[in-house]
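**Q** Give the three-dimensional model of this entry:
(one chain, ligands or ions: 1)
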Amino acid sequence: MSRAMSNKSLDFGKPASGKKRLKDLLLQKDNRYCADCGAPDPKWASANIGVFICLKCCGVHRSLGTHISKVLSVTLDEWSDDEIESMVEVGGNSSANAIYEAFVPGGYEKPGPDASHELRAKFIRAKYELQEFLKPSLRIVSLPSEKGSLKSSFSRKLMDSFRSNSSHNSEGMVEFIGLLKVKVIKGTNLAIRDMMTSDPYVILTLGQQTVQTTIIKSNLNPVWNEELMLSVPQHFGPLKLRVFDHDTFSADDIMGEAEVDLQPLITSAIAFGDAGMFGNMQIGKWLKSHDNALKDDSTVNIIDGKVKQAVSLKLQNVECGELDLELEWMPLDQ
Ligand SMILES: [Zn+2]
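**A** Predicted structure coming up:
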């Protein structure tokens, strides 16, 4: 195909998939209006904060400096995969505002699309720079100043502290945001606990809930293909997984453990909303690193209208063993 024929899709110089993900995110309902003033059709975004904004608000964001807000044009600028990832991870204007505008004092007037520059600037500074409307425990006293590294971006740090704080939240009521279906597929080369072999089973824990697979007798390469369901609370931590050897006469021995970060799956699933509206595509990724149990990067995909993630783990705190899972996110309203 000639460049001239399709020059609209080629002039971004990025693979269509990344650009498409960004465009899909922009088309999400809440992102059709500026996160700060509500003006329709925002064409700009703050890549590190993760919001879509209008041209006027973009001007204010720019004046805050890139250590607070890194603005990019949705249509004109080149986006790195990291920047797109960061936007997808935040999940759009509603998710971002749920954090940045969590505690707007009663009577405070958020600027509208026609607000003066002064009013707009005052609000945007209060919202992002001074973080006046955050839940008090989330307010960050000193701002990170690394430049160019989105991995440690302002917003990412905030999301992280949001996550770790929430596990200490002890309100009596737990609100669930969806269901997590975990298919425990198989174990490979599991550790030996009884003389020659083991009778393995898997326990999954999320918050206060625990579910477990059946026990498979005398097998170091067990195939379960068993689906387990967990409710996901609004403030969820990692999915904890432990493999045990069943022992009839004594306490069961542990054969390794691992943690699964659910954030990539759930954040991208929520960002995309109704997965049935999209064709098969990748929407997120949990990256292998030295401090997680992943064997390889694990991608989040829409497959036939469902949000799924295949996860291969190297069991931790054990001499050997791997475990394959498939996660599926099921929102509550479906
Ligand atoms: Zn605006």
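**Q** which of the residues in stretch 247-261 are buried?
**A** By neighbour count on 16 or more other Cβ atoms under 10 Å, the buried set for stretch 247-261 is D252, I254, M255, G256, E257, A258, E259, V260, D261. (Each C-beta comes from the backbone N, C-alpha and C, glycine too.)
**Q** Show residues contacting that stretch.
**A** Residues outside stretch 247-261 that contact it (Cβ atoms under 8 Å, 6 or more residues apart in numbering): 190-191, 193-194, 198-200, 238-246, 286, 292-293, 311, 313-318, 321, 323, 325, 327.
**Q** can you give me the helices in the chain?
**A** Here the chain has its helices, by DSSP state H, at 7-10, 16-27, 55-64, 81-90, 93-100, 117-124, 154-166, 263-272.
**Q** And the second one, how far out from the chain middle?
**A** Put plainly, it is helix 16-27. Relative to its parent chain, helix 16-27 has a centroid offset of 16 Å by Cα atoms, centre = their mean, to the nearest Å.
**Q** my read: T210 touches I203, true?
**A** Yes - with contact defined as Cβ atoms under 8 Å, T210 reaches I203; the gap is 6.1 Å.
**Q** which of these two has more neighbours?
**A** With neighbours defined as other Cβ atoms under 10 Å, T210 and I203 compare such that I203 has more, 17 against 12.
**Q** While we're on that one, how confident is the model there?
**A** pLDDT for I203: 94.
**Q** show me where pLDDT drops low in the stretch 51-200 of the chain?
**A** 136-175 (pLDDT under 70).
**Q** Could you pick out the residues of it near the ion for me?
**A** Within reach of the ion by Cβ under 5 Å from the ion, the stretch 51-200 of the chain has these residues: C54, C57.
**Q** The protein - how does it break down into domains?
**A** 13-166, 176-331 (automatic domain parsing).
**Q** What are the boundaries of the strands in the stretch 151-300 of the chain?
**A** Ranges of strands in the stretch 151-300 of the chain, per DSSP state E, counting those that start in this stretch, are 176-188, 200-206, 209-212, 223-233, 239-245, 253-260, 281-286, 298-303.
**Q** for these, which one sits closest to L26?
**A** Closest to L26 of the strands of the stretch 151-300 of the chain is strand 281-286 (Cβ to Cβ; 14.1 Å).
**Q** Give me the angle between that closest one and strand 298-303.
**A** If you take axes from the mean of the first three to the mean of the last three Cα atoms, to 10 degrees, strand 281-286 sits at 160 degrees to strand 298-303.
**Q** Could I get the buried residue list for strand 281-286?
**A** Buried-residue list, strand 281-286, by 16+ other Cβ under 10 Å: I283, G284, K285, W286.
**Q** what ranges of the stretch 201-334 of the chain fall below the confidence cut-off?
**A** 333-334.
**Q** switch to 80 and redo it
**A** Applying pLDDT under 80 to the stretch 201-334 of the chain picks out residues 208, 248-249, 332-334.
**Q** which residue does it bring closest to the ion?
**A** Nearest residue of the stretch 201-334 of the chain to the ion, counting by Cβ to the ion: A271, 20.4 Å away.
**Q** Need phi/psi at the nearest residue to that residue once chain neighbours are set aside.
**A** Distances taken as Cβ to Cβ, 6 or more residues apart in numbering place G91 nearest to A271, at 4.1 Å, with adjacent residues excluded. G91 adopts backbone torsions of phi 100, psi 10, taken as degrees, to the nearest 10.
**Q** So R193 sits against D245, correct?
**A** Yes - in this structure, R193 is within contact of D245 by Cβ under 8 Å, at 3.7 Å.
**Q** show me the contacts for the closest residue in space to L332 that isn't next to it in sequence.
**A** In space, and not counting its chain neighbours, L332 is closest to G178: 5.2 Å by Cβ to Cβ, 6+ apart. Listed by Cβ under 8 Å, 6+ apart, the contact set of G178 reads S231, V232, I266, A269, W329, M330, P331, L332.
**Q** CA-only coordinates of stretch 116-135 in PDB, if you can.
**A** This file holds the C-alpha atoms of stretch 116-135, laid out as PDB (Å, rounded to 0.1, in the frame of the first residue of the first chain):
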ATOM      1  CA  SER A 116     -11.600  32.500  32.900                       C
ATOM      2  CA  HIS A 117      -8.000  31.600  32.600                       C
ATOM      3  CA  GLU A 118      -7.500  32.600  36.200                       C
ATOM      4  CA  LEU A 119     -10.200  30.400  37.600                       C
ATOM      5  CA  ARG A 120      -9.100  27.500  35.500                       C
ATOM      6  CA  ALA A 121      -5.500  27.900  36.500                       C
ATOM      7  CA  LYS A 122      -6.400  28.100  40.200                       C
ATOM      8  CA  PHE A 123      -8.400  24.900  40.000                       C
ATOM      9  CA  ILE A 124      -5.800  23.000  38.000                       C
ATOM     10  CA  ARG A 125      -3.000  24.000  40.400                       C
ATOM     11  CA  ALA A 126      -5.100  23.000  43.400                       C
ATOM     12  CA  LYS A 127      -6.000  19.700  41.800                       C
ATOM     13  CA  TYR A 128      -2.700  18.400  40.600                       C
ATOM     14  CA  GLU A 129       0.100  20.500  42.000                       C
ATOM     15  CA  LEU A 130      -1.200  21.100  45.600                       C
ATOM     16  CA  GLN A 131      -3.300  18.000  45.500                       C
ATOM     17  CA  GLU A 132      -5.900  19.700  47.700                       C
ATOM     18  CA  PHE A 133      -8.700  17.300  46.700                       C
ATOM     19  CA  LEU A 134      -7.100  14.000  47.300                       C
ATOM     20  CA  LYS A 135      -8.000  11.700  50.100                       C
END
